[in-house]
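below: sequence and its predicted model.
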Amino acid sequence: MNQMTELQMFDKLRGFNSPSVGNVVASYPQHPHCLGLYDPWYGRWYTDDSVTCLLPEAGAVIGHAVTVVFGLDDPSQPAASYLDFVDFLLAAKKPSVVVCEARFPHEVLIRAGIFGGQSGALYKACGAVGLLTNSPVRDIDEIRALGLQHVARGVTSGHGSLALQAFNVPVSVAGMDVVPGDIVHMDENGACKFPADRLADVCAHIDAFSDEEKEHSDLLQAATNGDQIKSAWKKVISKGVGLDDRSMK
């Protein structure tokens with residue numbers, strides 16, 4: 001059997017939602033098809049509820065993380081060159097996901113619409129399929145027309161003076177720690193990540209895990225009485241994906 005190319009694996013994983021990818025990455029460490037790559041609660045491998053998907057209709061995207069940090073313009077601190085960042089983005093593996101940590105004071109962060117139609121057009125031209133940031137964005141109508149997936153704090157109308165502080169560095173966005181080159185999968189559920197060298201492993205396990213979930217769901221929906229419901233739920237528990245009620249084992 002021929003091995004899948006990276007692009008084929010990306011295309012496959014776009015057919016699953018982020019929770020399904022997360023199931024294989026770390027959510028259920030007792031399950032035989034979970035890789036256990038992170039501590040499921042404390043591994044900082046998925047985003048929290050401070051960000052939301054702004055284009056749910058655009059579906060899931062997946063790509064190599066290109067990281068960048070923005071903050072307030074500080075004349076005492078030299079800013080990184082935006083054109084150098086563009087060169088880096090152009091040279092990055094494709095497809096890419098721009099992951100931006102916005103390091104602003106909270107009272108500024110919630111108003112800092114530092115990305116919009118122009119940045120979206122730039123990132124898409126450079127091969128990006130999405131933007132993940134802990135800041136709000138603006139120009140949502142232009143972003144929607146571009147079709148570039150955005151997971152962000154929300155939307156706002158403006159921003160002030162700012163500076164590109166660094167790129168190609170570790171970042172933390174909405175409770176998820178990302179290093180350059182991580183694989184980021186994101187959709188209307190938020191985002192999760194895993195190391196690039198585990199892409200084939202995620203692809204190898206996700207079908208079996210998802211097929212089991214569908215089987216369990218079908219059993220529960222077909223149940224017509226309490227005994228059938230509990231019997232179906234025991235099968236869920238036996239795979240390590242349900243509430244571990246030891247009294248039912």
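Arrived safely, thanks for sending. Residues are numbered from 1 along each chain as shown.

for Asp49, helix, strand, or coil?
coil (DSSP: H, G, I helix; E, B strand; the rest coil).

which residue is the nearest non-sequential neighbour of it?
Leaving aside its sequence neighbours, Asp49 sits nearest to Gly190 (CB to CB, 6 or more residues apart in numbering; 7.8 Å). Bear in mind the C-beta positions are built from the backbone N, C-alpha and C, glycine included.

any idea which strand is longest in the protein?
Secondary structure of the chain per DSSP state E: the longest strand is strand 61-72.

for the following helix or strand past that strand, buried residues please.
As assigned by DSSP states H and E, the chain's next helix or strand after strand 61-72 is helix 82-91. Neighbour counts over helix 82-91 (16 or more other CB atoms under 10 Å) mark Phe85, Phe88, Leu89 as buried.

want to throw these into a markdown table with distance to Ile110 and pLDDT?
Formatted as a markdown table, the buried residues of helix 82-91 follow (distance: CB to CB, whole Å; pLDDT from 0 to 100):
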| residue | distance to Ile110 | pLDDT |
| --- | --- | --- |
| Phe85 | 24 | 97 |
| Phe88 | 28 | 97 |
| Leu89 | 27 | 97 |
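
list the buried ones in the longest strand of the chain?
Val61, Ile62, Gly63, His64, Ala65, Val66, Thr67, Val68, Val69, Phe70, Gly71.

ok, stretch 135-155 next?
So for stretch 135-155, counting by 16+ other CB under 10 Å, buried means 135-140, 143-144, 146, 148-153, 155.

do the same with stretch 198-215
Neighbour count says stretch 198-215 has Leu199, Val202, Cys203, His205, Ile206, Phe209, Ser210, Glu212, Glu213 buried, by 16+ other CB under 10 Å.

and for stretch 52-63?
Thr52, Cys53, Leu54, Leu55, Ala58, Ala60, Val61, Ile62, Gly63.
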